[in-house]
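Based on what follows, work out the 3D shape:
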Amino acid sequence: MTSTPPPGYQPAPYGFPPPPPHPEANSAMVFGIVGLCLSVMCGGIGVFIAPFGWAKGKRVMAEIDANPAAYSGRGNAQAGFITGLIGTIFGALYMLFWVVYIVFIIVMIVVASNESDVTTFDSVSAMLSSRI
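Take a look at the predicted model:
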């Protein structure tokens, strides 16, 4: 008996091979990260993208937890869930800021247009001539 294996022989790995990653785990992570970046850098625009990462990450984590032998990639799904949640919160806060800012500007315009004490050129020249 010879102790050398035949050509082309591959030793079997120890244990079982890892399950394949969930096909939507990476897309959940991408939606979450892009939504967070857009929420922070672009004044709340990411509020329209981040909830997709949040919802998809939660759904993918539930599918992986239901059958861990079928899929891996829980870390990517969890990253999508967390960054999507944070991006949604930041985006909502930015949108709330912009709505309050626009309402404030409109109120200031309405208040300024209803002002009864309007200074005219004649009253300004009269004030200046009285001080000289």
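
Grab the nearest non-local neighbour of residue 83.
In space, and not counting its chain neighbours, residue 83 is closest to residue 32: 3.5 Å by C-beta to C-beta, 6 or more residues apart in numbering. Glycine gets a C-beta too; all of them are placed from N, C-alpha and C.

wouldn't the one you found be in contact with residue 78 here?
No. With contact defined as C-beta atoms under 8 Å, residue 32 does not reach residue 78; the gap is 9.6 Å.

what about these two, which has more around it?
Ranked by neighbour count (other C-beta atoms under 10 Å), residue 32 and residue 78 place residue 32 first, with 32 against 19.

any idea which helix or strand carries the more buried one?
helix 25-41 (DSSP states H and E).

Can you pull out the residues in contact with that helix?
45-54, 56-57, 60, 64, 71, 73-74, 76-77, 79-88, 90-91, 94 (C-beta atoms under 8 Å, 6 or more residues apart in numbering).

redo that, cut-off 7 Å
45-47, 49-50, 52-54, 56-57, 60, 73, 76-77, 79-81, 83-84, 86-87, 90-91, 94 (C-beta atoms under 7 Å, 6 or more residues apart in numbering).
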